[in-house]
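Asker: sequence and predicted model, in that order:
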Amino acid sequence: MSKVSSKRQITLPVEQCRQVGIEPGDDVRVFVADGHITIVKKTPGAARGILKQVKGKTSISEQESRQSALG
């Protein structure tokens, strides 16, 4: 079982790290949702191509786009 240090650090069990491929020095992302913490190893290129299906509206100016994004 892991404990939280006074600096809020957590040591991950070696076997669990091996199971998910986390090595010393790897970057991870930490998410909080519904009272649970999830740790995910960052994988280079994981999001590559994720927006290739999205088509922009060329009829909207940059100013209109900014206004829309700002609400």
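Answerer: Ah, there it is. Numbering: from 1, shown residues only.
Asker: quick one: least confident helix or strand in this protein?
Answerer: For the chain, scoring each helix and strand by mean pLDDT, DSSP states H and E identifies helix 62-70 as the least confident one, at a mean of 85.
Asker: would you put the C-alpha positions of it in CSV?
Answerer: What follows is helix 62-70, C-alpha atoms only, in CSV (Å, rounded to 0.1, in the frame of the first residue of the first chain):
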residue,chain,number,x,y,z
GLU,A,62,-10.6,35.0,-36.8
GLN,A,63,-12.4,37.8,-34.8
GLU,A,64,-15.7,36.0,-35.0
SER,A,65,-14.0,32.8,-33.9
ARG,A,66,-12.4,34.5,-30.9
GLN,A,67,-15.7,36.0,-29.9
SER,A,68,-17.4,32.6,-30.1
ALA,A,69,-14.8,31.0,-28.0
LEU,A,70,-15.0,33.7,-25.3
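Asker: off-centre distance for it?
Answerer: Helix 62-70 sits 26 Å away from the centroid of its parent chain (CA atoms, centre = their mean, to the nearest Å).
Asker: cool, and stretch 26-46?
Answerer: Averaging C-alpha positions (CA atoms, centre = their mean) puts stretch 26-46 5 Å from its chain's average.
Asker: torsion angles phi and psi at the most centrally placed residue in the chain?
Answerer: Centroid-nearest residue in the chain: residue 29, 4.6 Å away (criterion: CA atoms, centre = their mean). The phi/psi pair for residue 29 (degrees, to the nearest 10) reads phi -110, psi 140.
Asker: my guess is it meets residue 40, correct?
Answerer: Yes: if you go by CB atoms under 8 Å, residue 29 and residue 40 touch, sitting 4.9 Å apart. The way it works is simple: take the backbone N, C-alpha and C, and place the C-beta from them, glycine included.
Asker: tell me, how many residues neighbour the closest residue to residue 10 other than its chain neighbours?
Answerer: Spatially, and ignoring its direct neighbours in sequence, residue 10 is nearest to residue 2 (5.2 Å; CB to CB, 6 or more residues apart in numbering). The tally of other residues near residue 2 (other CB atoms under 10 Å) stands at 10.
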